[in-house]
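**Student:** take a look and give me a structure for this.
(chains A and B)
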2 protein chains.
Amino acid sequence: MQNLNKNSKPKHIVLTSHPSRFGPKPIAIHWGENEPSKRGPVIATCTNPAHRNVIGTHAGSYAVYRALAVAGGKLQSSHRADLTNTSPTEKIGPHPSWGDGEKIVSLDPFGAIVGDVFADFYERGYDIRPTIAITKAHINMPELQAAIAAGRLPVDGKIVKEGGDLVVTKAAIEPVWFLPGIAKRFGVEESLLRRTLFEQTGGMFPELVTRSDLKVFLPPIGGMTVYIFGDISAISDRSKSVAVRVHDECNGSDVFGSDICTCRPYLVHGIEVCLQMAQSGGVGIIVYFRKEGRALGEVTKFLVYNARKRQEGGDRADAYFTRTECVAGVQDMRFQELMPDVLHWLGITKIDRLVSMSDMKYNAIVNSGIEVIERVAIPEELIPPDAQVEIAAKKAAGYYTVGEVPDGEMLTEIVGRNLI
Amino acid sequence: MQNLNKNSKPKHIVLTSHPSRFGPKPIAIHWGENEPSKRGPVIATCTNPAHRNVIGTHAGSYAVYRALAVAGGKLQSSHRADLTNTSPTEKIGPHPSWGDGEKIVSLDPFGAIVGDVFADFYERGYDIRPTIAITKAHINMPELQAAIAAGRLPVDGKIVKEGGDLVVTKAAIEPVWFLPGIAKRFGVEESLLRRTLFEQTGGMFPELVTRSDLKVFLPPIGGMTVYIFGDISAISDRSKSVAVRVHDECNGSDVFGSDICTCRPYLVHGIEVCLQMAQSGGVGIIVYFRKEGRALGEVTKFLVYNARKRQEGGDRADAYFTRTECVAGVQDMRFQELMPDVLHWLGITKIDRLVSMSDMKYNAIVNSGIEVIERVAIPEELIPPDAQVEIAAKKAAGYYTVGEVPDGEMLTEIVGRNLI
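**Tutor:** Presented below is the predicted three-dimensional model:
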């Protein structure tokens, strides 16, 4: 492939911290307007810097790889996506929540339909990219084949196919943060949020502190994926039933089946509950959030595993959270406060079966105005032996359970495997 | 929990683009020195900005969540990790490659043992964090239970346990980029690399262009995880056999079992090959790279799925790569040029069985000086029907196969499922 940059002469570098170097006033974004034309498009591409009206760019952390592609001469910096045939396979929204500037602050509700609602901007030369993509797929998981074989999931030929294929609509969503809304969600001043995001990332995006006129930030983090089983129109129909699992990534369990936690077994159980709901005329939704190791990352997670297994008395439920705090300074960085946004984007106002025991998730959902009818705990037989430490510690800390809440003495007695 | 920041008075903001505001000259990093004391530590924490000697900070993209934790008053910005009991469960290295500044440019070879080799810096008050963590685990995957039941994997009680538990050593690795080495790997000037990383991320880290004295960059991207089965000392022992699969993340298949690609089936097959190698006295290694959708991200991936399935003539092998290029401007952004670094960190000089058909991966590994004896294709029976489009297109483009390489006419005839 031709190297597109090798011979290009260096041009003047424009530092983004100097607003005067920018072009004319960028297109305004009026977050929370329900008319897309009034709300305005998110313009985060780098093809024409003068058009940009946000901080950051598309594809979350993969923007760094895009930069490598340009540096290496594999991609022209002026490349514009040919979006032919890419539009959503299913219509989601608009919902009343899309016009509520406080219900959704961490994604762009119009992100999947920019090609339609901002058609006039494309004609005027603006390069607007979708931040949400919706497609259809067939998936197949061995544990659910087992559920079919055991008679818990009948083959209906439509949602559950012969051979165990499951029909699903899925959506990938990039983070798009409205900074005043994020600040309000955390109860801090916007200026403090901006300053801390700048300082505590080692100085990422000075515009966070120099460009208070730019209210929208596309952070270089992973986003989320939505899996929808069954009738999409049932999502916002209060006469129909909705099952939801909001799942935070755990690569070690979700992919490799590590036995120290309940992540994959609970995810699979969530899908089974979703499929049962879909087969009985409702809809089931899994949201998969890229928040590895409680959003502490996997290096911290493994350091904590070692500290847990090596501490005096071994890996004990009563010291489960303490070891994370020692290493990371906090027990958890997932910030469930932002999690319900995707549920509001989907138009959910009521969850009949919430497949999660987390009190943090439950509180965030209920506090955001969504009714929760029933909470579904992980079935006991799905908990790997070494994950009893985790589940007991979480129950004692407030996780939902129909069974006994372990007391202090019980917690000291629940001990996991050592490192050998 | 106490909000630690709410009442703190705003202080002067130091813009990182102005080097004069920094403290005294930072500790030098002499990349490629094999003596840690000569190499110098990577100091990327924000607890004392004057000590920092790199661009960016720890935890890849999760630094953004850490910043949220500080902004929300849940974490003190001065928090230092208590690293008691967190050191590696297994010794990896040092290897001769650690002292070769060109063999490893995208991770810190000393990242797992900073607590040992930089002990004197800790005493002098420097806050140095591991960029690699090594632990032990038991994993269990339904497909491998099936392999045990089918007699392909005997239970040995040590590597494969009764009940199908598999014993593994695993390492999580954060990206640490030596910018001159990265530039050389891609054959571009360091200044062009720095400038493009800055501009094409929408202005992330002005220090990339203003601080040419800082040669090391911790990018806010996902890292990699290494799974080692069997005898670790066999990795660098040329009389022993080594199996390797280098796997790039595909959440839709790896976790959910999407049938449009071969990712999870090939990963599982790779683990089976690794286990067989471990059981016969060698060692098997899986490296899992966080490069979703060929490092284009999942939004782009789903847009491409729609474009493939809706194009005239349906999802055809002959148009497989074209549709990605239309949307993304390139076929692939994974940059396998950096991938072999982790193999050199492990001390690999020879791979007896490479479980990958990718010519890009093979070439990168061989060009980095590692001998490859045998390449292992995915068994035909593991390819989902709808993934025939992908595998045929890849074979035609140069992927390894023992079978027939499809020609142009065959490619037009291999058509996948439509969107309905």
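**Student:** is A:M277 in contact with A:I235, as I believe?
**Tutor:** No. A:M277 is beyond contact range of A:I235, at 11.2 Å (criterion: Cβ atoms under 8 Å). For glycine as for every other residue, the C-beta is placed from the backbone atoms N, C-alpha and C.
**Student:** any common contacting residues for those two?
**Tutor:** A:V242, A:V283 (Cβ atoms under 8 Å, 6 or more residues apart in numbering or on different chains).
**Student:** what's the single longest helix in chain A?
**Tutor:** Assignment by DSSP state H gives helix A:263-279 as the longest helix of chain A.
**Student:** give me the contacts around that one.
**Tutor:** A:141, A:143-144, A:147, A:152-154, A:156, A:159-160, A:166, A:227, A:229-231, A:241-243, A:245, A:247, A:250, A:252-255, A:257, A:283-286, A:352-353, A:355, A:376, A:378-379, A:382-384, B:255.
**Student:** ok, A:P26 to chain B distance?
**Tutor:** 13 Å (Cβ to the nearest Cβ, to the nearest Å).
**Student:** so which of the contacts of helix A:263-279 sit within strands?
**Tutor:** A:166, A:227, A:229-230, A:242-243, A:245, A:247, A:283-286, A:352-353 (DSSP state E).
**Student:** CA atoms only for the least confident helix or strand in chain A by mean pLDDT - export them in CSV, please.
**Tutor:** Least confident helix or strand of chain A, by mean pLDDT, DSSP states H and E, is helix A:408-413 with a mean of 92. C-alpha atoms of helix A:408-413 as CSV (Å, rounded to 0.1, in the frame of the first residue of the first chain):
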residue,chain,number,x,y,z
GLY,A,408,-19.1,-10.8,60.1
GLU,A,409,-18.4,-14.2,61.5
MET,A,410,-19.6,-16.1,58.4
LEU,A,411,-17.5,-13.8,56.2
THR,A,412,-14.3,-14.8,58.0
GLU,A,413,-15.2,-18.5,57.4
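**Student:** chain neighbours aside, what residue packs nearest to A:S258?
**Tutor:** Excluding the flanking residues, the one nearest A:S258 by Cβ to Cβ, 6 or more residues apart in numbering or on different chains is A:G252, at 4.0 Å.
**Student:** equivalent analysis for A:D231, please.
**Tutor:** A:D231 sits nearest to A:V283 (Cβ to Cβ, 6+ apart), 5.3 Å away.
**Student:** ok, now which ones touch that neighbour?
**Tutor:** Counting by Cβ under 8 Å, 6+ apart, A:V283 has contacts A:228-232, A:234-235, A:240-243, A:274, A:277.
**Student:** ok, A:Q145 - how many residues close by?
**Tutor:** By other Cβ atoms under 10 Å in any protein chain shown, the residues close to A:Q145 number 17.
**Student:** ignore what I typed, I meant A:R353.
**Tutor:** A:R353: 21 neighbours (other Cβ under 10 Å).
**Student:** surely it and A:A377 touch.
**Tutor:** No. The criterion here is Cβ under 8 Å, and A:R353 misses it with A:A377 at 11.2 Å.
**Student:** which SSE is A:Y65 in?
**Tutor:** Element membership of A:Y65, judged by DSSP states H and E, is helix A:63-71.
**Student:** just the CA coordinates for the next helix or strand after that helix, please, in PDB.
**Tutor:** Going down the chain from helix A:63-71, the next helix or strand is helix A:114-117, by DSSP H and E. As requested, the backbone C-alpha atoms of helix A:114-117 are provided in PDB (Å, rounded to 0.1, in the frame of the first residue of the first chain):
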ATOM      1  CA  VAL A 114     -27.100  11.000  11.900                       C
ATOM      2  CA  GLY A 115     -27.400  10.100   8.200                       C
ATOM      3  CA  ASP A 116     -31.100  10.800   8.200                       C
ATOM      4  CA  VAL A 117     -31.500  13.700  10.600                       C
END
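**Student:** downstream of helix A:114-117, the next helix or strand is which one?
**Tutor:** helix A:119-123.
**Student:** the very next helix or strand once past that following helix packs against which elements?
**Tutor:** Proceeding N to C from helix A:119-123, the next assigned helix or strand is strand A:132-139, under DSSP H and E. Under the contact criterion of 3 or more Cβ pairs under 8 Å, 6 or more residues apart in numbering or on different chains; DSSP states H and E, strand A:132-139 touches strand A:166-173, helix B:298-310.
**Student:** got a list of what A:I113 touches?
**Tutor:** Per Cβ under 8 Å, 6+ apart, neighbours of A:I113: A:P36, A:S87, A:P88, A:P130.
**Student:** out of these, who's the most crowded?
**Tutor:** Busiest of these [other Cβ under 10 Å] is A:P130, holding 28 neighbours.
**Student:** with adjacent residues omitted, what lies nearest to it?
**Tutor:** A:V114 (5.4 Å).
**Student:** would you confirm that that neighbour contacts A:I128?
**Tutor:** Yes. With contact defined as Cβ under 8 Å, A:V114 counts as touching A:I128 (5.0 Å).
**Student:** who touches both of the two?
**Tutor:** A:P41, A:V42.
**Student:** now the least confident helix or strand of chain A: buried residues?
**Tutor:** Residues of helix A:408-413 classed as buried by neighbour count (16 or more other Cβ atoms under 10 Å in any protein chain shown): A:L411.
**Student:** tell me what that helix is packed against?
**Tutor:** Looks like helix A:408-413 contacts helix A:388-396 (3+ Cβ pairs under 8 Å, 6+ apart).
**Student:** about what we covered before: helices or strands up against the helix holding A:Y65?
**Tutor:** Checking 3+ Cβ pairs under 8 Å, 6+ apart, helix A:63-71 ends up next to helix B:190-199.
**Student:** go again using 10 Å as the cut-off
**Tutor:** helix B:179-186, helix B:190-199, helix B:292-295 (3 or more Cβ pairs under 10 Å, 6 or more residues apart in numbering or on different chains; DSSP states H and E).
**Student:** in the second one, what counts as buried?
**Tutor:** Within helix B:190-199, the residues that qualify as buried by neighbour count (16+ other Cβ under 10 Å) are B:L192, B:L193, B:R194, B:R195, B:T196, B:L197, B:F198, B:E199.
**Student:** the helix or strand that comes right after it close to chain A?
**Tutor:** Going down the chain from helix B:190-199, the next helix or strand is helix B:207-210, by DSSP H and E. Yes. Legend: contact between helix B:207-210 and chain A by Cβ under 10 Å from any Cβ of the partner chain is shown at B:E207, B:L208, B:V209, B:T210.
**Student:** output helix B:207-210 as CSV, nothing but the C-alphas.
**Tutor:** Extracted in CSV, the C-alpha atoms of helix B:207-210 (Å, rounded to 0.1, in the frame of the first residue of the first chain):
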residue,chain,number,x,y,z
GLU,B,207,3.3,17.0,25.0
LEU,B,208,3.6,14.6,22.1
VAL,B,209,4.7,17.6,20.0
THR,B,210,6.0,20.0,22.7
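**Student:** can you name every helix or strand that it contacts?
**Tutor:** Checking 3+ Cβ pairs under 10 Å, 6+ apart, helix B:207-210 ends up next to strand B:55-56, helix B:190-199.
**Student:** mean pLDDT and distance to B:A328 for these - can I get that in CSV?
**Tutor:** Shown next, in CSV, are the helices and strands packed on helix B:207-210 (pLDDT from 0 to 100; distance: least, Cβ to Cβ, whole Å):
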stretch, mean pLDDT, distance to B:A328
strand B:55-56, 98, 25
helix B:190-199, 98, 17
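**Student:** tell me what angle the helix holding A:Y65 forms with helix B:190-199.
**Tutor:** Helix A:63-71 runs at 140 degrees relative to helix B:190-199, counting by axes from the mean of the first three to the mean of the last three Cα atoms, to 10 degrees.
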